[in-house]
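> I'd like to go over a predicted model; first the sequence, then the structure.
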Amino acid sequence: MSSEARLRYLRKGRGPSEGQDMKIKIRVMSLFLFLIYSLAFSGQKPKNRDLAQKYADFLNLTEYIILPQEKEVLMKLTSDRDRDIFIESFWRQRDPTVGTIQNEFKDEHLRRFNYANKYYGRDVAREGWMTGMGRIYIVLGKPASIERFETTQGLYPTQVWYYYGDQKRNLPAHFGIVFFQRDGSGEYKIYDPVTDGPGRLMIQSKYTDATNYQGLYEALRDLAPTLADVSLSLIPGEIPFDYQPSLMNPIILANIFDSPKKEVNASYATHFLNYKGLVSTEYMTNFVQSDALATIIHDPATDLNFLHFSIVPEHFSLDYYGQKDQYYCNFTLSVSLRKNEDPIFQYSKNIPLYFSPDEAQKISATGIAFEDSIPVIEGGYNITILLQNSVGKEFSLFEKAVIIPGKSDKPVLVGPILGYKLETYDMDLRIPFKILDKKLVVDPKNTFGLNDGLDFFFIVEHVPSDLWNEGSVEITINSAEKKASSIKSFKLRLKDYPRRESIHVVRSFVARDFVPDYYEMNLTLKDARGNILDEKKVNFIISPAATVSHPTAQANAVPAGDKYRSLYILAQQYEKVKDYEKAESCFRRAYELGPSDKRGLISYSNFLFATGKFKKCLELIESIKEDGSLRYDYYLLKGKAHMGLGKYSEAIENLLLGNKIYNSDIGLLNSLAICYYKIGEKKKALEVLRASLRLDPSQSEVKKMIDKIESGG
């Protein structure tokens, strides 16, 4: 029924028949679905007027395979060098054989693109890659077979391309794409059963109502039975109910157009944009996906909070050293803790690893988990973990927002954290994912074989006495697919554990106790009245395999007795967030616990100078006077402290002694210049300021001071 006819019905106060109304509803829904896929996957040329021609050509070449995030990043890059590196990375993400010279995906895509331009751009107004046939050929490749109806009496020129699908990409096992020349001329268009219908394929038909699908189907079947089989559904031979075009057609077409993008993770592109200044360009094309885990664990031995993490790259390159018959790789682990965009703590360390041939084979199959733990102050932060392998120039990234609760916060649950076994260590050692004397051996994938243990721990933080007496934690394990049915459920009373502000709980199951499935573990903290105080959950998988490979952990054990090192780190974090009272408290406690830590003492002295406590700074640094390796730091700090006290001559004496040891420190030179200026030695002040400016020409304040002195100020 046409829209005009339908309007006449409504004006007379009558509606269409039930059957006609159903046809209209189906057609409207079909048109809606078709509009969705048309808008989402229309082959419009990108707006690339501002790009050089080779980058515009790249966007044309990759129009059907590039992810929106990838295109967005490319358009935001401001230099051709960055664009070239990004394009190299783009192809590498799709390389099925990383590490070899040949990129089979790129080669095949170029072949398809060139073939489409050569054969499907003939006698049409557009380039071949932009046509319907060109698009399908580029996305799906050569058809398994082609059926032609270009000289069939009563039909417009038509072709059907048949393909075998891939269920992993949501494609039917077998389907056909119909192309036809609309009204018998122009380029071959992709036929859609909804917007075209069987009537569009026939030159004439006794049926004029385009919604009479059964009649049109039967008329087409008289002319070409196999074409009729795909005129209502892309799946050959599937006749939809009441001969209405299948509502799955637009969805199947959308899945076809989306299929080249299914297995590409766009995170590398956003990492490229965000970290091209952090990661050197030689690494940028070799982003490696990773699995990672990060959590906060309160350490009862030191009464401090630590951020524990594990990062496992999906793959990594090894090199061979023939003289020792060894394989090796060399990783650099860089960790940054940020408050908004400002770093409050950063560190890097090198991790060289060597393997025998047998070990190399095993480690390549199972992977390596790089683990560490760092002390952190209370608050909300973002952690960034950068892992770089100099062999292969590969890098992985992990980012997560973390919240470290303060002392006065309400009771909270930390965890649960899952692992596949427990190991016993000395109480005095601090190791990632260890509570008291038990280390949880974790795999960030949380996938367990039937022979694995299913171990976990959690912490109840800030437990008041009444909660300890009457509170509980309820633990339920459900199938993630069928949450209504509980697999395991039990309650733990807090008073069954030693009374502490933080209660640490370690529990164990056996993976074989669960049938292979996806699971969800839920923890609920309740008070005496049953009120829910906090809830946490974690997902895990039980594999049907008896054993699954787990990465080998790479981590260092640290004596819990060197608490002073952790306190120095916390002090610097407090200083970064400008909580100077807590910073000084941590510095003081760290110095008392570890007075022989000279580097920590220097950090403390610098803090005292920065907060204007010059006399205390002078007292403290005297303890490093006799250490020859720290002589420069001694003279620098002593000079700056005297400057802060207004003792400029004493300051100059010490700063000059420091400058003899190292004459390229801008901070020392600028302090020396200020002291010369204060005692009226303006010529010497200018000389020192110009030396500082030669080291760093961007110092605006130094330039202002030079101008001031030269103008007689």
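Looks like it arrived, so ask away.
> for T552, see how far away the most centrally placed residue in the chain is.
Most central in the chain under Cα atoms, centre = their mean is S267, positioned 5.2 Å from the mean C-alpha point. Counting by Cβ to Cβ, to the nearest Å, the gap from S267 to T552 is 25 Å. In this view, the C-beta of every residue, glycine as well, is placed from N, C-alpha and C.
> same check on S89?
28 Å.
> the residue nearest to the centre of the chain against Q289, yeah?
Yes. Contact criterion Cβ atoms under 8 Å: S267 and Q289 qualify, at 7.4 Å.
> what's the neighbour count on T100?
Neighbourhood size, T100 [other Cβ atoms under 10 Å]: 9.
> for the protein, give me the ranges with low pLDDT.
Low-confidence segments of the chain (pLDDT under 70): 1-50, 99, 274-282, 284, 408-409, 481-486, 560.
> domain ranges for it?
Domain ranges of the chain: 143-263, 288-559, 563-710, per automatic domain parsing.
> from start to finish, how long is the shortest one in a straight line?
Read it as domain 143-263. End-to-end distance for domain 143-263, by Cα to Cα, to the nearest Å: 22 Å.
> how near is the residue nearest to the centre of the chain to F287?
Relative to F287, S267 is positioned 8 Å away (Cβ to Cβ).
> overlap in contacts, the two.
The contact sets of S267 and F287 overlap at L397 (Cβ atoms under 8 Å, 6 or more residues apart in numbering).
> can you pull the buried residues of stretch 659-679?
For stretch 659-679, the neighbour count (16 or more other Cβ atoms under 10 Å) marks 659, 665, 668-677 as buried.
> kindly reformat the residues you listed as TSV containing secondary structure and distance to T97.
Compiled in TSV, the buried residues of stretch 659-679 are given as follows (DSSP: H, G, I helix; E, B strand; the rest coil; distance: Cβ to Cβ, whole Å):
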residue	secondary structure	distance to T97
N659	helix	57
D665	coil	50
L668	helix	54
L669	helix	55
N670	helix	55
S671	helix	58
L672	helix	60
A673	helix	60
I674	helix	61
C675	helix	64
Y676	helix	65
Y677	helix	65
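> and of the residues you listed, the nearest to P444?
Comparing the buried residues of stretch 659-679 against P444 with Cβ to Cβ places D665 closest, at 42.8 Å.
> now name the helix or strand holding the closest residue to that closest one other than its chain neighbours.
Excluding the flanking residues, the one nearest D665 by Cβ to Cβ, 6 or more residues apart in numbering is L636, at 7.2 Å. Assessed by DSSP states H and E, L636 sits inside helix 631-644.
> quick one: contacts of that helix?
Contacts of helix 631-644 (Cβ under 8 Å, 6+ apart): 602, 605-606, 609, 612, 614-615, 617-618, 621, 624-625, 627, 648, 650-655, 657-658, 661-662, 665, 667-668, 671-672, 674-675.
> same deal with stretch 576-585?
Identification of contacts with stretch 576-585 by Cβ under 8 Å, 6+ apart yields 339, 342-345, 377, 379, 571-572, 574-575, 607, 611.
> out of these, which is nearest to V548?
Nearest to V548 among those: F345, at 34.9 Å, using Cβ to Cβ.
> what kind of secondary structure is that closest one in?
strand (DSSP: H, G, I helix; E, B strand; the rest coil).
> how much space is there between it and P375?
Separation of F345 from P375 (Cβ to Cβ) stands at 9 Å.
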